[in-house]
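[1] I need the structure of the sequence given here:
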Amino acid sequence: MKRFLTYTLSVLIGLACASCGMYSETVRIETLQPAKYPVDYADKAVAIFNVLHVDGEQTPPYVYASDSLKTALAALGMKQGLESSDLFKGEDIPVYNLDLFCNGGCPDLYDSTYLRSLSEQTGAALLIMVDSVAITKDTLVERRNNYVDYGDYYLGIINAAYKAQFRFYDVEAQRYLPVFRMNDTLSYERAAWDTVKVFEGIPEAQVDTLVSVALGQYFAKQTVPQWVSGRRFYFSRYSLTGESQRWGQAAYYADRQDWKQAIYFWGQILQQSKWERAACAAFNLALGSEMIGEYTLALEWLQIADKYYVLPETEGYRKRVQERIAERNLMERRLE
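    The predicted structure is shown next:
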């Protein structure tokens, strides 16, 4: 699951390393981060259940039967959020209402026999219960920006305070994972050109609909690894004309995400350089190693850079690579 989106910003950042007479270019990357609320989905068929509420011990005190529509919409949002992730891409995750299996009575969601019957009927090994969704307060803000050459640009923002509860039942282990109780605020945005406001005149029920679906999508994405944008820089050009050709060749390939070719030219530069220039080349080799997933090798190149010259940027970058190693190890443990 390695993926890097890299592009070079148009502006050269001069003096990024004035000590070694280098210019640098900033690159943007996407790194895979562990889930905020990790769930072991590995090799498990999943089904999502909208829990229809009735009076009784299983209903949280702030939830009423009228909120069942919100749980149904949040369940739909969860389906959409999971299916858009790398773990479930191409899969069709089913969503059920639990009243389909009540047989005239309220199910005991802590009865392992009943839960196994749900598993048998749906073919799922991991049952996701959308227990409750209550939107306690919402505010709507419209912002208008006028661009003379293009017209009016409207940005609509809904800020909604909510309470929600989600549970995950592992059929094979016959146990629930820790309950996810959420009491927070969610922002939902929509933008459009023209003279029509994006949320103008919509009823409160539709606001609740938008927020409920968005809440399900948001929570689902917190349970799977996410791609997060970050930035790196590399030394792209030496200030002396006679040294610039090889640096330029390496930068050409780095700009086109061909990291192996960039590594080749940075390696050549390192062999024929010393002091600050060698340190800059070794720093770049560390970046190239990170880009191809060789994090331990990246740390080794940073150690080599320090032997030539201690760049002020090295220590901060070393910490980032160490963080990526920890993130990768954490993800691998969760997928075992």
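[2] tally of neighbours for the residue lying closest to Asp170 once chain neighbours are set aside?
    Computed as Cβ to Cβ, 6 or more residues apart in numbering, the closest residue to Asp170 that is not its neighbour in sequence is Leu126, at 6.1 Å. No exception for glycine: its C-beta is placed from N, CA and C like everyone else's. Neighbours of Leu126 under the rule other Cβ atoms under 10 Å: 22.
[3] where's Leu126 relative to Ala305, distance?
    As defined by Cβ to Cβ, to the nearest Å, Leu126 lies at a distance of 46 Å from Ala305.
[4] Tyr41 and Leu155: what is the separation?
    Distance, Tyr41 to Leu155, by Cβ to Cβ: 35 Å.
[5] neighbour count winner among those two?
    A count of neighbours by other Cβ under 10 Å puts Tyr41 above the other of Tyr41 and Leu155, at 20 against 16.
[6] just to revisit the earlier point, backbone phi and psi for the residue nearest to Asp170, please?
    Per-residue torsions, Leu126: phi -130, psi 120 (degrees, to the nearest 10).
[7] That one bridge partners, please.
    Following DSSP bridges, Leu126 is listed with bridge partners Val46, Asp170.
[8] That one contacts Glu172, correct?
    No - here Leu126 does not reach Glu172: they are 9.1 Å apart, not a contact under Cβ atoms under 8 Å.
[9] Just give me how far the helix or strand Glu315 falls within sits from the chain centre.
    Secondary structure assignment for Glu315, by DSSP states H and E: helix 314-335. Distance of helix 314-335 from the chain centroid (Cα atoms, centre = their mean, to the nearest Å) equals 16 Å.
[10] May I see the buried residues of it?
    Thr314, Tyr317, Arg318, Val321, Arg324, Glu327, Arg328, Met331 (16 or more other Cβ atoms under 10 Å).
[11] Over to stretch 248-261?
    Across stretch 248-261, burial judged by 16+ other Cβ under 10 Å covers Gln249, Ala250, Ala251, Tyr253, Ala254, Asp255, Gln257, Trp259, Gln261.
[12] Out of the helices and strands in this protein, which is least certain?
    Within the chain, no helix or strand scores below strand 7-8, which has a mean of 34 by mean pLDDT, DSSP states H and E.
[13] show me the contacts for Thr139.
    Neighbour list for Thr139: Ile158, Asn159, Ala160 [criterion: Cβ atoms under 8 Å, 6 or more residues apart in numbering].
[14] which SSE is the last one in?
    In other words, Ala160. strand 151-170.
[15] Report all helices and strands that the helix or strand following that strand contacts.
    Later in the chain than strand 151-170, the nearest helix or strand by DSSP H and E is strand 175-176. On a contact count with 3 or more Cβ pairs under 8 Å, 6 or more residues apart in numbering; DSSP states H and E, strand 175-176 meets strand 151-170.
[16] Report the distance from the strand it packs on to the chain centre.
    16 Å.
[17] Poorly predicted segments of the protein, please.
    The chain contains residues with pLDDT under 70 at 1-22, 53-67, 99-107, 144, 146-151, 193-205, 237-243, 330-336.
[18] and Gln257, that one's in a strand?
    No - secondary structure of Gln257 (DSSP: H, G, I helix; E, B strand; the rest coil): coil, not part of a strand.
[19] Quick check on it: phi, psi?
    phi 60, psi 20.
[20] Equivalent analysis for Lys36, please.
    Note on Lys36: its backbone torsions stand at phi -70, psi -40 [degrees, to the nearest 10].
[21] What is the burial count for it?
    Neighbours of Lys36 (other Cβ under 10 Å): 12.
[22] repeat for Met182
    Met182 has 16 nearby residues by other Cβ under 10 Å.
[23] what about it, which SS state?
    Once three-state DSSP is applied, Met182 turns out strand.
[24] so Pro178 sits in a strand?
    No - with three-state DSSP as the criterion, Pro178 is assigned coil and is not in a strand.
[25] mind listing what the spatially most central residue of the chain touches?
    The structure's the chain has its C-alpha centroid closest to Gln226; by Cα atoms, centre = their mean the separation is 2.5 Å. By Cβ under 8 Å, 6+ apart, the residues touching Gln226 are Leu32, Gln33, Ala35.
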